[in-house]
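Undergrad: Pasting the sequence and the predicted coordinates here, then a few questions.
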Amino acid sequence: MENENTGKSVVLSLPAAEAFSHQVDLLLHRVKMPRHQVDKFADLLADTTRVLREKWPECKLVPFGSVPMGLATIYSDIDYHVYLPDYVTTTPHNRVLTGFKLLKQHPEMFDNVKTILNASVPVITFRHKATKLYSDLIFNDFAGEKETYLVKYILSFDHRLYPVLIIVKFWSKIHKLNTNGMTNFAWILMVTFYFQQANILPPILKLQVPHKKLFIDNWNVAYEKKYEDLYYNGNPDSVYQLLGKFFTYFSKFDFENYVISTFTASSYKKEIFRNLERVPELLELYKFNVKNNITEALSLETLCIPHPLIHNKNACSKILRSHAMKIIKYIQKAARLFREVGENNYLSAILTMSVEN
């Protein structure tokens, strides 16, 4: 309820008579996670590490997700990957249960401790009582850290990407769209994909070079960090235009039948992924891994948005079909408002819109 009221107060504070760019600046100021809140994560990290080391003395917690990406908002929790020494051979499922028990043994430090074992990656969620901050712990998603810093690097390519991402994240939050299997990372990938279509961002594969590879679980998670010096885009669109065109692009996208790939900056028919021989050569590592039973095949839900470096991992793998249909309706409504309302009214219009079920 607190977050919901905060969202409403932010929307009501947007001055309709002001220019769109000024409204965006105000929105970013209101929803961006403040520095003092970021600093509190150090206390959360210290207490969590100390408790987990009761069982695993050499464990290390590494942050990933929106906070290290630089995309944290007032709603964000912080995600940590728990690195355990090689001699720990228990399954990820058992590690989550063990971590859950450790945190539950310290009610003076943590509450709301829960496990989500049926997620694509099993997770522990909890609240740190001293800071009142929430956190997630995972134990077996090593590539998540690499993808976090890939997104952070991509943000440096163009100054317009950050405000569009924050607006879309906030829009999805206040309309309760980032639930039921729809992740913030999926929204980040959708915005990235549109910016690729607008010739602002390159395909992720362009950041990988043959002589520099780093394999985790047989996925190449390496990328070159000098590419932005070579990449020029002449797209003159403003943040307002890019935001509206983002919604317009996806309002017409055939989610039912197509997969979105930020790795190749292309979309593919889902039926292609049902026959490995038809999968494009640009996704040869995916073909190899699935063919040799190294990884499972991509799950082809209503919304199918593979991770940029781990191509068999759908960022929407747990989404409910009914919720996917709701998301599409909201996107279509935001696209229609882009055509119907003026620039200075657009931000408040999409943030206060509603859609009939």
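TA: Perfect, I can see it now.
Undergrad: Now do residue 321: how many residues are near it, please.
TA: Per other Cβ atoms under 10 Å, the neighbour tally for residue 321 reads 13. Every C-beta, even on glycine, is put in place using the N, C-alpha and C of the backbone.
Undergrad: Start the count at 310 instead of 1 going forward.
TA: Sounds good: first residue 310 from here, last item residue 630.
Undergrad: residues in contact with it?
TA: Residue 630 makes contacts with 610, 611, as judged by Cβ atoms under 8 Å, 6 or more residues apart in numbering.
Undergrad: Next, it: phi, psi?
TA: Phi and psi for residue 630, reported as degrees, to the nearest 10, are phi -60, psi -40.
Undergrad: And for residue 510?
TA: Dihedral angles (degrees, to the nearest 10) for residue 510: phi -120, psi 150.
Undergrad: Phi first, then psi, for the nearest residue to it once chain neighbours are set aside.
TA: Distances taken as Cβ to Cβ, 6 or more residues apart in numbering place residue 504 nearest to residue 510, at 4.4 Å, with adjacent residues excluded. Main-chain dihedrals, residue 504, degrees, to the nearest 10: phi -60, psi -30.
Undergrad: Please read off the pLDDT at residue 311 from the model.
TA: pLDDT, residue 311: 43.
Undergrad: Show me the domain layout of this structure.
TA: What automatic domain parsing lists as the domains of the chain is 344-449, 467-661.
Undergrad: and the shortest one, how far apart are its ends?
TA: Domain 344-449 has an end-to-end distance of 30 Å (Cα to Cα, to the nearest Å).
Undergrad: can you check stretch 378-397 too?
TA: 29 Å.
Undergrad: Average pLDDT for it, rounded please.
TA: Rounded mean pLDDT across stretch 378-397 is 91.
Undergrad: With stretch 645-655 instead?
TA: Across stretch 645-655, the average pLDDT comes to 95.
Undergrad: In TSV: the domains of the chain, plus distance to residue 335.
TA: What follows is the domains of the chain, written out as TSV (distance: least, Cβ to Cβ, whole Å):
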stretch	distance to residue 335
domain 344-449	14
domain 467-661	9
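Undergrad: Out of the ones you listed, which is closest to residue 320?
TA: Taking Cβ to Cβ as the criterion, domain 467-661 is the member of those that comes nearest to residue 320, at 4.6 Å.
Undergrad: chain center to the closest one, what's the gap?
TA: Distance of domain 467-661 from the chain centroid (Cα atoms, centre = their mean, to the nearest Å) equals 10 Å.
Undergrad: For residue 512, see how far away the residue nearest to residue 510 is.
TA: 11 Å (Cβ to Cβ, to the nearest Å).
Undergrad: quick one: which of the two has more around it?
TA: Neighbour count, other Cβ under 10 Å: between residue 504 and residue 512, residue 504 has more, with 25 against 17.
Undergrad: element containing the closest residue to residue 373 other than its chain neighbours?
TA: Distance criterion Cβ to Cβ, 6+ apart; nearest residue to residue 373, sequence neighbours excluded, is residue 457 at 4.1 Å. Residue 457 is located in helix 451-463, with elements delineated by DSSP states H and E.
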